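Asker: Model the following, please.
(one chain, ligands or ions: 2)
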Amino acid sequence: MGFVVGLGYTNPFLSPFEEFRRYKTHPEIRKFLEGGKRVSYGARAIAAGGLMSLPKLVFPGGALIGCEAGFLNASRIKGSHAAISSGMMAAEAAFNALQSGRQRDALTEYPKAFEKSWLKEELHRARNFKLWMSKGILAGTVMVGIEQKLLGGRVPWTLHHRHSDNETLKPATGCKPIVYPKPDGKLTFDRLSSVFLSNTNHEENQPAHLTLKDPAVPLNVNLAKYAGAEARFCPAGVYEFAIKSDGSGGLVINAQNCVHCKTCDIKDPTQNIVWVAPEGGVDQTIRICRRFF
Ligand SMILES: Cc1cc2nc3c(=O)[nH]c(=O)nc-3n(C[C@H](O)[C@H](O)[C@H](O)COP(=O)(O)OP(=O)(O)OC[C@H]3O[C@@H](n4cnc5c(N)ncnc54)[C@H](O)[C@@H]3O)c2cc1C
Ligand code: SF4
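Answerer: Ligands and ions are numbered 1, 2, ... in the order given. Below is the predicted model of the structure:
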(Lines give C-alpha, C1' and ligand atoms only; values in the text may rest on other atoms or scores of the structure.)
(Ligands and ions follow the chains in the order given, each with its own letter.)
Protein backbone atom coordinates (compact mmCIF):
# COMPACT_ATOMS: atom_id res chain seq x y z
CA MET A 1 0.00 0.00 0.00
CA GLY A 2 1.08 3.60 -0.53
CA PHE A 3 0.58 6.79 1.45
CA VAL A 4 1.32 10.39 0.49
CA VAL A 5 2.32 13.23 2.82
CA GLY A 6 2.53 16.76 1.38
CA LEU A 7 5.99 18.11 2.15
CA GLY A 8 4.61 21.61 2.64
CA TYR A 9 3.65 20.70 6.23
CA THR A 10 4.46 23.20 8.99
CA ASN A 11 4.87 21.22 12.25
CA PRO A 12 8.51 20.05 12.63
CA PHE A 13 7.34 17.25 14.93
CA LEU A 14 5.49 15.55 12.07
CA SER A 15 7.00 12.31 10.82
CA PRO A 16 5.74 11.10 7.42
CA PHE A 17 6.87 7.54 8.23
CA GLU A 18 4.93 7.50 11.48
CA GLU A 19 1.88 9.14 9.89
CA PHE A 20 1.87 6.19 7.49
CA ARG A 21 2.14 3.84 10.43
CA ARG A 22 -0.76 5.56 12.15
CA TYR A 23 -2.82 5.41 8.96
CA LYS A 24 -2.40 1.63 8.86
CA THR A 25 -3.96 1.36 12.32
CA HIS A 26 -7.21 3.12 11.31
CA PRO A 27 -10.00 0.51 11.63
CA GLU A 28 -11.04 1.02 7.99
CA ILE A 29 -7.48 0.35 6.78
CA ARG A 30 -6.41 -2.16 9.45
CA LYS A 31 -9.08 -4.64 8.35
CA PHE A 32 -7.39 -5.00 4.94
CA LEU A 33 -3.91 -5.49 6.37
CA GLU A 34 -4.35 -7.73 9.38
CA GLY A 35 -2.97 -11.20 8.85
CA GLY A 36 -0.78 -9.97 6.00
CA LYS A 37 3.02 -9.99 5.76
CA ARG A 38 5.34 -7.05 5.19
CA VAL A 39 7.38 -7.96 2.11
CA SER A 40 8.99 -4.72 1.00
CA TYR A 41 9.48 -1.06 1.80
CA GLY A 42 10.36 2.10 -0.10
CA ALA A 43 9.85 5.84 -0.12
CA ARG A 44 10.17 8.55 -2.71
CA ALA A 45 9.32 12.19 -3.09
CA ILE A 46 6.67 12.94 -5.70
CA ALA A 47 7.37 16.02 -7.79
CA ALA A 48 3.86 17.41 -7.50
CA GLY A 49 4.26 21.02 -8.66
CA GLY A 50 2.99 20.11 -12.13
CA LEU A 51 2.88 22.55 -15.00
CA MET A 52 3.65 25.56 -12.79
CA SER A 53 6.97 24.01 -11.70
CA LEU A 54 8.34 22.49 -14.90
CA PRO A 55 12.05 23.19 -15.42
CA LYS A 56 13.78 23.70 -18.77
CA LEU A 57 13.38 20.30 -20.40
CA VAL A 58 16.49 20.12 -22.56
CA PHE A 59 20.19 20.91 -22.41
CA PRO A 60 23.04 19.97 -24.74
CA GLY A 61 23.33 16.19 -24.59
CA GLY A 62 20.32 15.56 -22.36
CA ALA A 63 16.60 15.88 -21.70
CA LEU A 64 14.39 15.62 -18.63
CA ILE A 65 11.46 13.23 -19.01
CA GLY A 66 8.77 11.73 -16.78
CA CYS A 67 8.87 12.46 -13.07
CA GLU A 68 12.42 13.74 -13.38
CA ALA A 69 10.93 16.74 -15.16
CA GLY A 70 7.80 16.84 -12.95
CA PHE A 71 5.17 15.65 -15.45
CA LEU A 72 3.10 13.83 -12.82
CA ASN A 73 -0.58 14.79 -12.77
CA ALA A 74 -0.75 15.25 -9.01
CA SER A 75 -4.54 15.55 -8.94
CA ARG A 76 -4.75 11.91 -10.05
CA ILE A 77 -1.38 10.72 -8.64
CA LYS A 78 -0.75 9.37 -12.11
CA GLY A 79 2.46 9.86 -14.00
CA SER A 80 3.22 6.63 -15.87
CA HIS A 81 1.34 7.85 -18.95
CA ALA A 82 3.18 11.19 -18.74
CA ALA A 83 6.55 9.44 -18.40
CA ILE A 84 5.84 7.30 -21.45
CA SER A 85 4.50 10.21 -23.49
CA SER A 86 7.38 12.58 -22.65
CA GLY A 87 9.86 9.76 -23.29
CA MET A 88 8.33 9.24 -26.74
CA MET A 89 8.50 12.96 -27.55
CA ALA A 90 12.13 13.13 -26.46
CA ALA A 91 12.97 9.94 -28.38
CA GLU A 92 11.39 11.30 -31.57
CA ALA A 93 13.37 14.54 -31.18
CA ALA A 94 16.57 12.51 -30.62
CA PHE A 95 15.83 10.35 -33.67
CA ASN A 96 15.30 13.42 -35.86
CA ALA A 97 18.51 14.99 -34.53
CA LEU A 98 20.52 11.86 -35.34
CA GLN A 99 18.90 11.55 -38.76
CA SER A 100 20.03 15.06 -39.62
CA GLY A 101 23.54 14.50 -38.23
CA ARG A 102 23.08 16.70 -35.13
CA GLN A 103 24.74 15.20 -32.06
CA ARG A 104 25.61 17.81 -29.48
CA ASP A 105 22.87 20.43 -29.50
CA ALA A 106 19.76 20.54 -27.29
CA LEU A 107 16.66 18.64 -28.43
CA THR A 108 14.52 21.77 -28.78
CA GLU A 109 11.88 19.87 -30.80
CA TYR A 110 10.93 17.98 -27.64
CA PRO A 111 9.66 21.00 -25.62
CA LYS A 112 7.95 22.27 -28.77
CA ALA A 113 6.16 18.94 -29.18
CA PHE A 114 5.18 19.04 -25.50
CA GLU A 115 3.61 22.48 -25.97
CA LYS A 116 1.24 21.01 -28.58
CA SER A 117 0.58 17.71 -26.81
CA TRP A 118 -2.41 16.26 -24.96
CA LEU A 119 -0.09 15.99 -21.95
CA LYS A 120 0.31 19.77 -21.80
CA GLU A 121 -3.47 20.13 -22.09
CA GLU A 122 -4.02 17.61 -19.26
CA LEU A 123 -1.46 19.27 -16.97
CA HIS A 124 -2.91 22.69 -17.81
CA ARG A 125 -6.33 21.58 -16.57
CA ALA A 126 -4.76 20.26 -13.33
CA ARG A 127 -2.34 23.19 -12.86
CA ASN A 128 -3.96 24.64 -9.72
CA PHE A 129 -4.38 21.33 -7.84
CA LYS A 130 -1.29 21.46 -5.63
CA LEU A 131 -1.73 25.16 -4.95
CA TRP A 132 -5.32 24.75 -3.80
CA MET A 133 -4.41 21.74 -1.65
CA SER A 134 -1.64 23.74 0.03
CA LYS A 135 -4.36 26.07 1.34
CA GLY A 136 -5.77 23.29 3.50
CA ILE A 137 -7.70 20.08 2.96
CA LEU A 138 -11.15 21.75 3.10
CA ALA A 139 -10.43 24.72 0.82
CA GLY A 140 -8.42 22.44 -1.46
CA THR A 141 -11.11 19.77 -1.77
CA VAL A 142 -13.85 22.34 -2.45
CA MET A 143 -11.86 24.33 -5.01
CA VAL A 144 -10.40 21.30 -6.78
CA GLY A 145 -13.89 19.81 -6.89
CA ILE A 146 -15.29 22.98 -8.46
CA GLU A 147 -12.41 23.33 -10.92
CA GLN A 148 -12.00 19.72 -11.98
CA LYS A 149 -15.39 18.09 -11.53
CA LEU A 150 -17.72 21.00 -12.23
CA LEU A 151 -15.73 22.99 -14.79
CA GLY A 152 -13.50 20.24 -16.25
CA GLY A 153 -10.35 22.20 -15.43
CA ARG A 154 -11.29 24.97 -17.87
CA VAL A 155 -10.89 27.96 -15.55
CA PRO A 156 -9.47 31.38 -16.45
CA TRP A 157 -7.34 31.74 -13.30
CA THR A 158 -3.89 30.34 -12.53
CA LEU A 159 -2.40 30.14 -9.05
CA HIS A 160 1.35 30.49 -8.49
CA HIS A 161 3.79 28.87 -6.04
CA ARG A 162 4.92 31.48 -3.53
CA HIS A 163 7.37 29.41 -1.48
CA SER A 164 9.37 26.18 -1.42
CA ASP A 165 8.57 23.26 0.87
CA ASN A 166 11.75 23.90 2.87
CA GLU A 167 10.35 27.31 3.87
CA THR A 168 7.14 26.09 5.50
CA LEU A 169 8.37 24.65 8.82
CA LYS A 170 7.45 26.73 11.87
CA PRO A 171 9.80 26.98 14.87
CA ALA A 172 9.23 24.03 17.23
CA THR A 173 8.45 26.28 20.20
CA GLY A 174 5.13 27.30 18.63
CA CYS A 175 4.15 23.75 17.56
CA LYS A 176 2.49 20.88 19.36
CA PRO A 177 4.75 17.80 19.74
CA ILE A 178 3.20 14.72 18.12
CA VAL A 179 3.37 11.48 20.07
CA TYR A 180 3.20 8.46 17.78
CA PRO A 181 2.34 4.99 19.07
CA LYS A 182 5.17 2.44 19.10
CA PRO A 183 5.21 -0.21 16.33
CA ASP A 184 3.59 -3.51 17.25
CA GLY A 185 5.77 -5.64 14.93
CA LYS A 186 2.67 -7.13 13.26
CA LEU A 187 0.84 -4.31 11.52
CA THR A 188 3.30 -1.49 12.14
CA PHE A 189 7.07 -1.63 12.06
CA ASP A 190 10.15 0.41 12.92
CA ARG A 191 12.17 2.26 10.32
CA LEU A 192 15.34 0.22 10.35
CA SER A 193 13.73 -3.18 9.82
CA SER A 194 11.71 -1.57 7.00
CA VAL A 195 14.87 -0.16 5.39
CA PHE A 196 16.32 -3.66 5.47
CA LEU A 197 13.49 -4.69 3.12
CA SER A 198 14.05 -1.81 0.70
CA ASN A 199 16.75 -3.64 -1.30
CA THR A 200 19.00 -0.61 -1.41
CA ASN A 201 22.69 -1.20 -1.02
CA HIS A 202 25.73 1.05 -0.93
CA GLU A 203 29.26 -0.18 -1.42
CA GLU A 204 31.04 0.41 1.87
CA ASN A 205 34.00 2.27 0.34
CA GLN A 206 32.05 4.71 -1.83
CA PRO A 207 32.18 8.44 -0.97
CA ALA A 208 29.23 9.62 1.18
CA HIS A 209 26.43 10.82 -1.06
CA LEU A 210 24.93 12.91 1.76
CA THR A 211 27.08 15.74 3.09
CA LEU A 212 26.57 19.06 4.86
CA LYS A 213 27.52 22.50 3.59
CA ASP A 214 28.13 23.64 7.18
CA PRO A 215 28.48 20.95 9.88
CA ALA A 216 27.49 23.43 12.63
CA VAL A 217 24.03 24.16 11.20
CA PRO A 218 22.22 20.95 12.27
CA LEU A 219 22.94 21.63 15.94
CA ASN A 220 22.82 25.42 15.96
CA VAL A 221 19.75 25.87 13.77
CA ASN A 222 17.93 22.65 12.87
CA LEU A 223 17.97 21.17 16.37
CA ALA A 224 17.72 24.47 18.26
CA LYS A 225 14.90 25.94 16.16
CA TYR A 226 13.15 23.00 14.48
CA ALA A 227 13.72 20.26 17.10
CA GLY A 228 15.87 18.34 14.60
CA ALA A 229 13.17 17.86 11.94
CA GLU A 230 15.51 15.79 9.73
CA ALA A 231 15.41 12.98 12.32
CA ARG A 232 11.68 12.73 11.52
CA PHE A 233 11.20 13.66 7.88
CA CYS A 234 13.75 11.11 6.67
CA PRO A 235 11.81 7.84 6.22
CA ALA A 236 14.96 5.75 6.62
CA GLY A 237 16.40 6.99 9.91
CA VAL A 238 19.49 8.38 8.21
CA TYR A 239 19.73 11.48 10.42
CA GLU A 240 20.28 10.95 14.13
CA PHE A 241 21.14 13.54 16.72
CA ALA A 242 23.58 11.83 19.07
CA ILE A 243 23.96 14.29 21.93
CA LYS A 244 25.74 13.19 25.11
CA SER A 245 24.74 14.34 28.59
CA ASP A 246 27.63 16.83 28.60
CA GLY A 247 26.18 18.47 25.48
CA SER A 248 28.86 17.17 23.10
CA GLY A 249 28.07 15.24 19.94
CA GLY A 250 26.06 16.21 16.89
CA LEU A 251 24.28 14.96 13.84
CA VAL A 252 25.18 11.45 12.68
CA ILE A 253 24.41 10.70 9.02
CA ASN A 254 23.82 6.98 8.41
CA ALA A 255 24.12 7.40 4.64
CA GLN A 256 24.11 3.63 4.04
CA ASN A 257 20.43 3.53 5.14
CA CYS A 258 19.32 6.07 2.52
CA VAL A 259 16.50 4.89 0.25
CA HIS A 260 17.04 7.87 -2.09
CA CYS A 261 13.64 9.47 -1.67
CA LYS A 262 15.24 12.94 -1.78
CA THR A 263 13.01 14.32 0.98
CA CYS A 264 15.97 15.79 2.87
CA ASP A 265 17.05 17.76 -0.19
CA ILE A 266 13.54 19.21 -0.43
CA LYS A 267 12.53 19.70 3.20
CA ASP A 268 15.74 20.65 5.05
CA PRO A 269 14.77 24.11 6.36
CA THR A 270 18.33 25.43 6.04
CA GLN A 271 19.07 23.71 2.71
CA ASN A 272 22.33 22.63 4.29
CA ILE A 273 22.13 18.98 3.21
CA VAL A 274 23.82 18.19 -0.09
CA TRP A 275 22.28 15.15 -1.80
CA VAL A 276 24.01 13.63 -4.81
CA ALA A 277 23.24 10.40 -6.65
CA PRO A 278 25.11 7.55 -4.92
CA GLU A 279 27.62 5.47 -6.79
CA GLY A 280 26.41 2.21 -8.30
CA GLY A 281 22.95 3.45 -9.31
CA VAL A 282 22.64 1.21 -12.34
CA ASP A 283 24.20 -1.68 -10.47
CA GLN A 284 21.63 -1.23 -7.71
CA THR A 285 18.74 -1.15 -10.14
CA ILE A 286 19.96 -4.37 -11.75
CA ARG A 287 20.33 -6.01 -8.34
CA ILE A 288 16.78 -5.03 -7.36
CA CYS A 289 15.42 -6.29 -10.71
CA ARG A 290 17.27 -9.61 -10.30
CA ARG A 291 15.67 -10.04 -6.92
CA PHE A 292 12.16 -9.59 -8.30
CA PHE A 293 12.31 -11.24 -11.73
C1 LIG B 1 2.76 6.01 -4.06
C2 LIG B 1 2.66 6.29 -5.54
C3 LIG B 1 1.57 5.85 -6.25
C4 LIG B 1 1.48 6.08 -7.62
N5 LIG B 1 0.38 5.61 -8.32
C6 LIG B 1 0.34 5.77 -9.65
C7 LIG B 1 -0.73 5.21 -10.42
O8 LIG B 1 -1.63 4.56 -9.89
N9 LIG B 1 -0.73 5.41 -11.76
C10 LIG B 1 0.25 6.11 -12.39
O11 LIG B 1 0.22 6.27 -13.62
N12 LIG B 1 1.28 6.66 -11.69
C13 LIG B 1 1.35 6.50 -10.34
N14 LIG B 1 2.39 7.03 -9.63
C15 LIG B 1 3.39 7.84 -10.34
C16 LIG B 1 4.32 6.97 -11.15
O17 LIG B 1 4.89 5.96 -10.33
C18 LIG B 1 5.42 7.87 -11.73
O19 LIG B 1 4.84 9.02 -12.31
C20 LIG B 1 6.22 7.11 -12.78
O21 LIG B 1 6.77 5.95 -12.21
C22 LIG B 1 7.32 8.02 -13.32
O23 LIG B 1 8.13 7.26 -14.17
P24 LIG B 1 9.61 7.69 -14.45
O25 LIG B 1 10.16 6.69 -15.39
O26 LIG B 1 9.66 9.12 -14.85
O27 LIG B 1 10.37 7.61 -13.06
P28 LIG B 1 10.57 6.34 -12.07
O29 LIG B 1 9.48 5.33 -12.25
O30 LIG B 1 10.76 6.96 -10.72
O31 LIG B 1 11.90 5.71 -12.61
C32 LIG B 1 13.16 6.25 -12.33
C33 LIG B 1 14.12 5.07 -12.21
O34 LIG B 1 15.43 5.56 -12.14
C35 LIG B 1 16.14 4.81 -11.17
N36 LIG B 1 17.25 5.63 -10.69
C37 LIG B 1 17.22 6.70 -9.88
N38 LIG B 1 18.45 7.17 -9.69
C39 LIG B 1 19.28 6.38 -10.40
C40 LIG B 1 20.69 6.39 -10.59
N41 LIG B 1 21.47 7.28 -10.02
N42 LIG B 1 21.20 5.44 -11.40
C43 LIG B 1 20.40 4.51 -12.01
N44 LIG B 1 19.06 4.47 -11.84
C45 LIG B 1 18.53 5.40 -11.05
C46 LIG B 1 15.11 4.54 -10.10
O47 LIG B 1 15.50 3.44 -9.31
C48 LIG B 1 13.88 4.25 -10.94
O49 LIG B 1 13.78 2.89 -11.27
C50 LIG B 1 2.50 6.80 -8.27
C51 LIG B 1 3.62 7.24 -7.55
C52 LIG B 1 3.70 6.99 -6.20
C53 LIG B 1 4.92 7.44 -5.44
S1 SF4 C 1 18.65 10.62 3.59
FE2 SF4 C 1 17.30 11.93 2.39
S3 SF4 C 1 17.06 10.86 0.44
FE4 SF4 C 1 17.89 9.38 1.90
S5 SF4 C 1 16.10 8.34 2.71
FE6 SF4 C 1 16.55 10.03 4.10
S7 SF4 C 1 15.32 11.76 3.38
FE8 SF4 C 1 15.35 10.21 1.76
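Asker: CA atoms for contacts and neighbours, from now on please.
Answerer: Fine.
Asker: Could I get the contacting residues of residue 7?
Answerer: Under the criterion of Cα atoms under 8 Å, 6 or more residues apart in numbering, the contact partners of residue 7 comprise 165, 267.
Asker: Can you check the pLDDT for it?
Answerer: With respect to pLDDT, residue 7 scores 94.
Asker: burial count for the closest residue in space to residue 79 that isn't next to it in sequence?
Answerer: Closest residue to residue 79 in three dimensions, ignoring its sequence neighbours and counting by Cα to Cα, 6 or more residues apart in numbering: residue 72, at 4.2 Å. Neighbours of residue 72 under the rule other Cα atoms under 10 Å: 25.
Asker: Now do residue 72, the pLDDT please.
Answerer: Taken from the predicted model, the pLDDT recorded for residue 72 is 96.
Asker: Can you pull the residues of the stretch 101-250 of the chain lying near ligand 2?
Answerer: The interface of the stretch 101-250 of the chain toward ligand 2, taken as Cα under 6 Å from any ligand atom, is made up of 234, 235, 236, 238.
Asker: Could you check how far the first one is from residue 272?
Answerer: If you measure residue 234 against residue 272 using Cα to Cα, to the nearest Å, the figure is 15 Å.
Asker: One more: residue 236?
Answerer: Plainly put, residue 236 is 19 Å away from residue 272 if you go by Cα to Cα.
Asker: and if you look at residue 100?
Answerer: Separation of residue 100 from residue 272 (Cα to Cα) stands at 45 Å.
Asker: re the thing from before, wait, the residue nearest to residue 79 touches residue 78, no?
Answerer: Yes: applying Cα atoms under 8 Å as the test, residue 72 and residue 78 come out as touching, 5.9 Å apart.
Asker: quick one: is stretch 70-80 near ligand 1?
Answerer: Yes: against ligand 1, stretch 70-80 shows contacts by Cα under 6 Å from any ligand atom at 72, 77, 78, 79, 80.
Asker: Now the two most distant members of those.
Answerer: With distance counted by Cα to Cα, no two of the residues of stretch 70-80 next to ligand 1 lie farther apart than 77 and 80, which are 9.5 Å apart.
Asker: of the two, who's got more company?
Answerer: Comparing residue 77 with residue 80 by neighbour count (other Cα under 10 Å), the higher total belongs to residue 80, at 14 against 11.
Asker: Who are the contact partners of the more buried one?
Answerer: 66, 72 are the contacts of residue 80 under Cα under 8 Å, 6+ apart.
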